[in-house]
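Visitor: A predicted structure for the sequence below; I have some questions about it.
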Amino acid sequence: MPIDPRAHTDALEDAVTRLEGMWEAVQEPPTFRVFEGHEPTALDDLLATRGYGTAGASHVLELALAPAPRAGAGQAPPHETVVGALDETWFDAAWHLAPRDGDHARSTLHDILAGTPAVQVMVPAPAAAKEQEPIGVGRAALVEAGRERIAVLNMIAVHPEHRRQGIAKALSRTLLDSAAQQGATRALLEVEITNPAAHALYTGLGFQRITGYHYRVRAAPGEAT
C-alpha cells in the first residue's frame, strides 16, 4: 500500500523496484494493494506493464455509529463478549470456524489480531446440540485515528450448519453496539466483490461503499499470472 506516494514516474518505478527486491529477498511473489483514487494514480498501470495480474477485489464499507442501541439489537442470540486483548478461547473458536492456509498461518493471524484491542463476540452452541463447539464468532478491532475511535469489523464467521438463521446479522449488530459503547464513532469493513450475500447483509445494516481496492500480484517464473 502506498503510504508515501511518488508522483514522478521515474521515482515511482524506482520505489516499485526496491519493493520488489524486498519481496524477492523473502522468496514471495511481489504483491501490491491498489486503492481506487489513491495516489499515486499511475501505480496500477505501471504494475500492469510490469506483468502484474489483478486479484482479490473488495469493497470498503462505512457506517456512522450512534451511541444509542441500534434497532433490533435485542434479537441477538445468547452470546459471550470480551473487550480488550485477544481472548484465546475466542481465537480458538475463530480459527476452527475460519482457518487459513499456510504453514504459519495460525501464528501469523494470532499475532495480527493480538496487536489491536477489540470487541470479540462468540455464540456458543445451543444446549441441545450434539457438538458443543461455538457456532459463530465476530470481531471489531478498536483503532485510534487521531481523536476518533473506529471499529473495523472482521473475522465474522458462522458454522455452515447454522447459516441463513440471522446469526451473522445478529453478530454484526452486537459488534456495532458494543463498539459504540466503547467510544467508536464509525465502523469500517471490507467485503470481497465475489461475496454478494455478505455485501447485501452489510448494506442492509446501513453500511455504504466509500471506496474499493484490488491486489496486483506478479506470478513467479513459469507460473500463470
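Guide: Cool, the structure landed.

Visitor: show me what contacts residue 36?
Guide: Residue 36 makes contact with 211, 212, 213, according to Cβ atoms under 8 Å, 6 or more residues apart in numbering. Backbone N, C-alpha and C define where each C-beta goes, glycine included.

Visitor: With the flanking residues excluded, which residue is spatially nearest to the last one?
Guide: It stands for residue 213. With sequence-adjacent residues excluded and distances taken as Cβ to Cβ, 6 or more residues apart in numbering, residue 213 is closest to residue 35, at 4.5 Å.

Visitor: what residue ranges in this structure score low on pLDDT?
Guide: Within the chain, the ranges that satisfy pLDDT under 70 run 1-7, 68-77, 127-132, 220-225.

Visitor: buried sites along the longest strand seen in the chain?
Guide: In the chain, with assignment by DSSP state E, the single longest strand is strand 52-64. Residues of strand 52-64 classed as buried by neighbour count (16 or more other Cβ atoms under 10 Å): 52, 58, 59, 60, 61, 63.

Visitor: do stretch 188-199 as well
Guide: So stretch 188-199, judged by 16+ other Cβ under 10 Å, has buried residues 188, 189, 191, 198, 199.

Visitor: What about these, which are in helices?
Guide: Taking DSSP state H as the definition of helices, the buried residues of stretch 188-199 contribute 198, 199.

Visitor: from the buried residues of stretch 188-199, which is closest to residue 109?
Guide: residue 189 (17.2 Å; Cβ to Cβ).

Visitor: before we move on, the earlier item: my read: the residue nearest to residue 213 touches residue 212, true?
Guide: Yes - shown here, residue 35 and residue 212 form a contact pair, counting by Cβ atoms under 8 Å, at 7.5 Å.

Visitor: circling back to that earlier point, let's have the buried residues of strand 52-64 in a markdown table, adding distance to residue 159.
Guide: Output for the buried residues of strand 52-64, formatted as a markdown table (distance: Cβ to Cβ, whole Å):
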| residue | distance to residue 159 |
| --- | --- |
| 52 | 37 |
| 58 | 24 |
| 59 | 25 |
| 60 | 27 |
| 61 | 24 |
| 63 | 26 |
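
Visitor: partner residues bridging the most centrally placed residue in the chain?
Guide: Closest to where the C-alpha atoms of the chain average out (Cα atoms, centre = their mean) is residue 154, at 4.6 Å. Here residue 154 sits in beta bridges with residue 139, as judged by DSSP bridges.

Visitor: I'd guessed it sits against residue 189; true?
Guide: Yes - Residue 154 lies in contact with residue 189 (Cβ under 8 Å); the separation is 6.9 Å.

Visitor: and residue 175, how far is that from residue 134?
Guide: 15 Å (Cβ to Cβ, to the nearest Å).

Visitor: picking that back up, tell me which of the buried residues of stretch 188-199 is nearest to residue 158?
Guide: Nearest to residue 158 out of those is residue 198 (Cβ to Cβ; 11.1 Å).

Visitor: show me the contacts for the closest one.
Guide: For residue 198, counting by Cβ under 8 Å, 6+ apart, the contacting residues are 168, 191, 192.

Visitor: Next: residue 211.
Guide: Going by Cβ under 8 Å, 6+ apart, residue 211 touches 35, 36, 37, 38, 60.

Visitor: for the helix or strand containing it, the distance to its chain's centre please.
Guide: Using DSSP states H and E, residue 211 sits within strand 208-218. The chain centroid and the centroid of strand 208-218 are separated by 12 Å under Cα atoms, centre = their mean, to the nearest Å.
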